[in-house]
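[1] Only the shape, not the letters, is given here:
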């Protein structure tokens, strides 16, 4: 089996990542750089944990907040990174096969 290129962050804290993401989206404007820095240092399993922790800490849905704050290709990319691998694969397959074929 190949070695994964994205490995879990050993210093990961779902609480700290949730706070960083909330701060990046709170108030006027969105700190896209902070979102990139947060998302890029987490593995997929850590992102899944952050989604749950964000809901617990703030009573808000992280994915809904990201959708409302981001747009275009950047939004698509960030949301894709928060998808579970099987869901991402299924979405890509569906998009590839939909329409006239």
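    Perfect, I can see it now. This one's a predicted model, so the numbers in the text were calculated from it and none came from an experiment.
[2] how near is residue 26 to residue 69?
    10 Å (Cβ to Cβ, to the nearest Å). C-beta: built from backbone N, CA, C; applies to glycine.
[3] Who has more neighbours out of these two?
    residue 69 (18 against 13; other Cβ atoms under 10 Å).
[4] For this protein, which residue occupies the most central location?
    In the chain, the centroid-proximal residue (Cα atoms, centre = their mean) is residue 82; its distance is 3.3 Å.
[5] Give me the contact list for the longest helix belonging to the chain.
    In the chain, ranked by residue count with DSSP state H as the criterion, the top helix is helix 44-58. If you take Cβ atoms under 8 Å, 6 or more residues apart in numbering as the criterion, helix 44-58 is touched by 6, 8-9, 12, 14-15, 17-19, 21-22, 39, 42, 60-63, 65, 81-82, 84-85.
[6] Perfect, that will be all.
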